[in-house]
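A.B. asks: The sequence and its predicted three-dimensional model are supplied below.
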Number of protein chains: 2
Amino acid sequence: MAVTLKDIAAEAGVSLMTVSNVVNGKKARVSEATRERILRIVKDRGYVPSASARSLAARSSRLVGLLVPARDEASLTIDPHTVEVVGMLERELRRLDYHLMLRGIAHRAEITEALKSWNLDGAVLLGFQDAEIDRLKADTIGDVALVAMDSYSANPLALEVRSDDFGGAELAVAHLVALGHTRIAFAGPGFAATGVVRQRFEGYRTVLAANGIAFDESLVSTVETTHADGLAYGRRLARERPDVTAVFTTADILAIGLIEGLAVEGRSVPGDVSVVGYDDSDLAVYVTPKLTTVAQDLSAKAAEAVRLMMDRLAGNDRPEQATTLEVRLIERGTAAPPARR
Amino acid sequence: MAVTLKDIAAEAGVSLMTVSNVVNGKKARVSEATRERILRIVKDRGYVPSASARSLAARSSRLVGLLVPARDEASLTIDPHTVEVVGMLERELRRLDYHLMLRGIAHRAEITEALKSWNLDGAVLLGFQDAEIDRLKADTIGDVALVAMDSYSANPLALEVRSDDFGGAELAVAHLVALGHTRIAFAGPGFAATGVVRQRFEGYRTVLAANGIAFDESLVSTVETTHADGLAYGRRLARERPDVTAVFTTADILAIGLIEGLAVEGRSVPGDVSVVGYDDSDLAVYVTPKLTTVAQDLSAKAAEAVRLMMDRLAGNDRPEQATTLEVRLIERGTAAPPARR
DNA sequence: CTGAAAGCGCTTACAG
DNA sequence: CTGAAAGCGCTTACAG
């Protein structure tokens, strides 16, 4: 069987408690001599503390859940852009000696279940709608430090980290306006009263207004964030809306599909239509021309999520404000002045 | 505090044991009447068993580790192609009521540590070199069911799942040969005596030999699996090897970089050079022309990994053979007959 | 069909 | 600086 605290204690001729103190680095409580002797035995025997025993006896499990929506028995909805966040979160947590449990959530009740079952110290909610975050109640989440990524929910139970989606849209649309465009379309997934896409939409509308461009409802289209939907949208746009000279899109993948759709109908980017994406995913530089897009600092986002969680775990109060990270426009090859008519 | 078995037992007026039996579905041991009464209370009170207590008391933790290499303090090395496997594994395990712990491995010792600390029932090794799998010893991994994905290691301690890398290369190169190519280059990351890339290289060589095409060492290049390295390779190829009319590549991303590199130097695909990728990643259809590539069934690979693990956990012997999954060639737009000279 | 006892491997006060 | 006791929430034999 595995070696336990008891084994180490027996071999060192001390009590179990002393070994525990040494293993947990409570220096003040053990003399340097016994400390070194014990550490040596621990190493020789390859002792690793039992996390479940620890979790059971102590208050803390040093376990953090990464909760991701999973549509009805399907796979996790992790888009490539999210993966990077997952990797970063794992790294940050590992540095702090925490472990990460990955859990798909098919039904709402599973959140509570995941939290309780492993006695998680914290959890990161990745990819949930604001409405779902709103619904979280104190009695269902207990005492975990909960951080919701990319959330604009008003739920005080969740710590929030997101990028400046409003500002990112402003950057993109202002760039298009500066190039001389006035017929600028907005394409993104359906949105509610709040949330990432809503913010980007408001940023779009604000820049139009600031530049005296009338908002035209018929210029905003609901397009799911997939290459196929982007492509279909591009074809429709090419055929039905020759007046549109630029499109601001809420995702690179959608932008890339859109560009292909336009091409299929004989319209070029940025010659006939300018396109701005969002995310600055790897994809953005794989296509020709390379995509002009809005970049967020994913690494900073993950680090901030962990920082907020640890702060909360340390007993500090929830910060007044949600953290909003800066964003920047990456100018590449898909946005240019509109063609002369 | 959270509600425990004891609370439920008290409320139901039965012993703790009876509740335990009900919760664990040991129907034979409890009368239907008490069973229903207890289930009702469990539901009303929102009781969720403590996984750590269970793990400590029972033999099993119902926890599986997903171990991924993490280069020195850096983020996890999860490429987009791997992500899909992660999602699939999580789904399969969740269905079986197991949980997944995601852990980056920076140093070899961390494997043992991860295994022991949470008393994992099983672990999936994703993205490790064969040499690292070879090095695993029985005393360091204990009794966990270990499955190594895409491994060709001979270590009997690991269960193995992989695609038919040799066959995939055969398919790709045979396709090129059938189109009339004879000067076919091989591009992929450096490889050792064993492993995925070695297999693909051998498949390449075998098809050449079978068709009476002399193997030419100068046609094989070591190119890392990134867009940038692919691009640099493409430029080099265009300038230095006008004789090469086709390239078989070990990854789509590399193929896409290669195509761009060729384009930069004024050579077109498939007009001047044919290119075949590997993986059939999403990327393959985002580029123009769409990539001809070799597809593997990632979903089946994940399912098979879980199946092997559960089989082993059920006490069955390790299968004689590693599982090798079928692979197929997806013909799209980047491979065509060589241009007439 | 139901239950009392022992124990899984730790940590947390509390003594000395 | 070191230790004996109690307990975290379960499961595993073993009785009845």
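C.D. replies: Yep, it's here.

A.B. asks: Every contact and neighbour count from this point should use C-alpha atoms.
C.D. replies: OK.

A.B. asks: Next to DNA strand D, which bits of chain A? Give me the list.
C.D. replies: Counting by Cα under 7 Å from any atom of the strand, the residues of chain A close to DNA strand D are A:13-18, A:28-32, A:34-35, A:53, A:56-58.

A.B. asks: Just the ones of these in helices?
C.D. replies: Using DSSP state H, A:16-18, A:32, A:34-35, A:53, A:56-57 are the members of these that sit in helices.

A.B. asks: which of those residues are buried?
C.D. replies: A:16, A:18, A:34-35, A:53, A:56 (16 or more other Cα atoms under 10 Å in any protein chain shown).

A.B. asks: Also near chain B: which of the residues you listed, exactly?
C.D. replies: Checking these against chain B by Cα under 8 Å from any Cα of the partner chain, the ones in range are A:53, A:56.

A.B. asks: Residue A:322: which of the buried ones among the ones in helices among the residues of chain A next to DNA strand D is nearest?
C.D. replies: Distance to residue A:322 across these (Cα to Cα) is lowest for residue A:56, with 32.7 Å.

A.B. asks: Would you confirm that the closest one contacts residue B:52?
C.D. replies: Yes - between residue A:56 and residue B:52 there is a contact at 6.2 Å, judged by Cα atoms under 8 Å.

A.B. asks: which residue packs closest to residue A:83, ignoring adjacent ones?
C.D. replies: Spatial nearest neighbour of residue A:83, chain neighbours left out: residue B:83 (7.1 Å); criterion: Cα to Cα, 6 or more residues apart in numbering or on different chains.

A.B. asks: Would you point out the most distant pair within the ones in helices among the residues of chain A next to DNA strand D?
C.D. replies: A:32 and A:56 (29.2 Å).

A.B. asks: tell me which parts of the stretch 1-150 of chain A are close to DNA strand C?
C.D. replies: Proximity of the stretch 1-150 of chain A to DNA strand C is confined to A:1-6, A:16-17, A:20-21, A:24, A:48-50, A:53-54, A:56-59 under the rule Cα under 7 Å from any atom of the strand.

A.B. asks: filter the residues you listed to the buried ones?
C.D. replies: Neighbour counting with 16+ other Cα under 10 Å marks A:4-5, A:16, A:20, A:48-50, A:53-54, A:56 as buried within these.

A.B. asks: Make JSON lines from the residues you listed and add distance to residue B:289 and pLDDT to it.
C.D. replies: Formatted as JSON lines, these follow (distance: Cα to Cα, whole Å; pLDDT from 0 to 100):
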{"residue": "A:4", "distance to residue B:289": "60", "pLDDT": "91"}
{"residue": "A:5", "distance to residue B:289": "62", "pLDDT": "90"}
{"residue": "A:16", "distance to residue B:289": "68", "pLDDT": "88"}
{"residue": "A:20", "distance to residue B:289": "63", "pLDDT": "89"}
{"residue": "A:48", "distance to residue B:289": "54", "pLDDT": "93"}
{"residue": "A:49", "distance to residue B:289": "55", "pLDDT": "94"}
{"residue": "A:50", "distance to residue B:289": "54", "pLDDT": "94"}
{"residue": "A:53", "distance to residue B:289": "57", "pLDDT": "94"}
{"residue": "A:54", "distance to residue B:289": "56", "pLDDT": "94"}
{"residue": "A:56", "distance to residue B:289": "57", "pLDDT": "92"}
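
A.B. asks: Quick check: the farthest pair among these?
C.D. replies: Using Cα to Cα, the pair of those lying farthest apart is A:16 and A:56, separated by 17.1 Å.

A.B. asks: wait, residue A:47 sits on residue A:3?
C.D. replies: Yes - using Cα under 8 Å, residue A:47 is in contact with residue A:3, at 5.8 Å.

A.B. asks: Could you pull up the residues touching the residue nearest the centre of chain A?
C.D. replies: When Cα atoms, centre = their mean is applied to chain A, the residue found nearest the centroid is residue A:149 (4.9 Å). By Cα atoms under 8 Å, 6 or more residues apart in numbering or on different chains, the contact set of residue A:149 is A:124-127, A:160-162, A:305.

A.B. asks: Beta-bridge partners for it, please?
C.D. replies: residue A:161 (DSSP bridges).

A.B. asks: and residue A:12, what pLDDT?
C.D. replies: For residue A:12, the pLDDT comes out at 88.

A.B. asks: Next up, the contacts around the residue of the stretch 201-341 of chain A found nearest DNA strand D.
C.D. replies: Nearest residue of the stretch 201-341 of chain A to DNA strand D, counting by Cα to the nearest atom of the strand: residue A:313, 19.3 Å away. By Cα under 8 Å, 6+ apart, residue A:313 lies in contact with A:121-122, A:145.

A.B. asks: From residue B:190, how far out is it?
C.D. replies: Note on residue A:313: its distance to residue B:190, by Cα to Cα, to the nearest Å, is 45 Å.

A.B. asks: and the residue nearest to residue A:83, what does it touch?
C.D. replies: By Cα under 8 Å, 6+ apart, the residues touching residue B:83 are A:78, A:80, A:83.

A.B. asks: pLDDT of stretch A:119-131, averaged?
C.D. replies: 95.

A.B. asks: Now the terminal residues of it, how far apart.
C.D. replies: One end of stretch A:119-131 to the other measures 25 Å (Cα to Cα).

A.B. asks: That one: how far from the chain's middle?
C.D. replies: Here stretch A:119-131 is found 11 Å from its chain centre; the criterion is Cα atoms, centre = their mean, to the nearest Å.

A.B. asks: Is chain B within reach of it?
C.D. replies: Yes - judged by Cα under 8 Å from any Cα, stretch A:119-131 comes into contact with chain B through residue A:119.

A.B. asks: buried sites along the lowest-mean-pLDDT helix or strand in chain A?
C.D. replies: Across the helices and strands of chain A, the lowest-confidence element by mean pLDDT, DSSP states H and E is helix A:138-141, at a mean of 83. Using 16+ other Cα under 10 Å as the test for burial, helix A:138-141 gives residue A:141.

A.B. asks: Give me the number of neighbouring residues for residue A:331.
C.D. replies: 16 (other Cα atoms under 10 Å in any protein chain shown).

A.B. asks: residue ranges of the helices in chain A, please?
C.D. replies: Assigned by DSSP H, chain A shows helices spanning A:5-12, A:16-23, A:32-45, A:51-57, A:80-95, A:109-117, A:130-134, A:138-141, A:165-178, A:196-210, A:227-240, A:252-264, A:298-313.

A.B. asks: Can you check the pLDDT for the residue nearest to residue A:83?
C.D. replies: 82.

A.B. asks: Look up how far DNA strand D lies from it.
C.D. replies: 32 Å (Cα to the nearest atom of the strand, to the nearest Å).

A.B. asks: what's near enough to touch the residue in the stretch 101-250 of chain A that DNA strand D sits nearest to?
C.D. replies: At 8.2 Å from DNA strand D, residue A:117 is the closest residue in the stretch 101-250 of chain A, using Cα to the nearest atom of the strand. Residue A:117 makes contacts with B:48-52, as judged by Cα under 8 Å, 6+ apart.

A.B. asks: And chain A, what are its domain boundaries?
C.D. replies: Residue ranges for each domain of chain A read A:5-49, A:63-163+A:299-325, A:165-296, as given by automatic domain parsing.

A.B. asks: Out of the ones you listed, the one nearest residue B:169 is which?
C.D. replies: Closest to residue B:169 of these is domain A:165-296 (Cα to Cα; 24.3 Å).

A.B. asks: quick one: is that closest one near chain B?
C.D. replies: Yes - Domain A:165-296 lies within reach of chain B by Cα under 8 Å from any Cα, at A:227, A:256-257, A:283, A:286-287.

A.B. asks: Out of those residues, which is nearest to chain B?
C.D. replies: For the residues of domain A:165-296 next to chain B, the residue nearest chain B by Cα to the nearest Cα is residue A:287; the value is 6.2 Å.
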